[in-house]
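Just need the structure, nothing else, for what follows:
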Amino acid sequence: MPEERFDCQVVSWDEAYRLERELASRIKSSGYRPDLVIAIGRGGFVPARVVCDRLLHTQLTSIRIERWGVAAHQLEKATIRFPLSVDISNMRVLVIDDVTDTGDTLSAALEYLWSLGPADVKTGVLHHKVSSRVEPDYCSEIVQRWRWIVYPWAFHEEMLGFVERVLSGNPVGMKEIRLRLRMLYGIDISEPDLSDVLEDAIFTGRAEMTAGGYVRAEV
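Numbers count the residues shown, from 1 in each chain. Purely as a prediction, here's the structure:
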């Protein structure tokens, strides 16, 4: 069982929609009218779509930038996997993501997009952590005390990562796994959800089921 402990916040679909509406409201009230909205994939896909809906805006596309893996595993650097597929010269651009953490993802996006010659670039996120070195133009909420945020569109994948964190070579049952998730990360997961996660953990080779319970798979 790992020594690390950090707090997590699991965001429900209802709460996510509230945050998306709040973000759209702040953008609208500022008077900013983008020509194009760009979602940062994958976390920004759903927020960007809802923001566009609330702004009555139909011009939406995306780029893919990787900075974080699942369960708070940080990658070496922010990397643009899928670049923009349209010309944004002289356009007013609005970039949407779910969260600023270190700020590296947003920084990489801004550096890349400004190189393409837009007239203006504004950024918006649901949660802005004060730990970020980049401050967005718009955010729904400011996070003063760092915590890992799990959004509903990434819940299953994130739980796979967290379950892998709490498993070891010693067999444990579902009750113990739920307890470890709660104690280490403050995550409460239902038995049906955990059952689905464990099924996929076995399917993907991350875990094994033994006579005594679940164990982390040998790498």
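
So residue 123 sits against residue 105, correct?
No: Residue 123 is beyond contact range of residue 105, at 10.5 Å (criterion: Cβ atoms under 8 Å). In short, each C-beta sits where N, CA and C put it, glycine included.

Between these two, point out the one with more neighbours.
For residue 123 versus residue 105, the count of surrounding residues by other Cβ atoms under 10 Å is larger for residue 105: 26 against 23.

Surely the more buried one is in a strand?
No: assigned with DSSP: H, G, I helix; E, B strand; the rest coil, residue 105 falls outside any strand and is helix.

That one and residue 191: what is the separation?
Separation of residue 105 from residue 191 (Cβ to Cβ, to the nearest Å) stands at 34 Å.

Run through the helices of this protein in chain order.
13-30, 45-55, 104-114, 155-166, 174-185, 191-203 (DSSP state H).

mind checking which of those is nearest residue 134?
Each of those has some distance to residue 134 by Cβ to Cβ; the shortest is helix 104-114, at 4.6 Å.

residues near the closest residue to residue 79 other than its chain neighbours, how many?
If the residues on either side of it in the chain are set aside, residue 79 comes closest to residue 66, at 5.2 Å by Cβ to Cβ, 6 or more residues apart in numbering. Around residue 66 there are 17 other residues, counting by other Cβ under 10 Å.

Quick check: residue 66 vs residue 178, distance?
According to Cβ to Cβ, residue 66 and residue 178 sit 30 Å apart.

weakest of the helices of the chain by average pLDDT?
For the helices of the chain, mean pLDDT drops lowest on helix 104-114, to a mean of 92.

For the closest residue to residue 82 other than its chain neighbours, which residues count as its bridge partners?
Excluding its sequence neighbours, the residue lying closest to residue 82 (Cβ to Cβ, 6+ apart) is residue 64, at 3.8 Å. Taking DSSP bridges, one obtains residue 41, residue 82 as the residues bridged to residue 64.

so residue 64 touches residue 85, yeah?
No: using Cβ under 8 Å, residue 64 is not in contact with residue 85, being 11.1 Å away.
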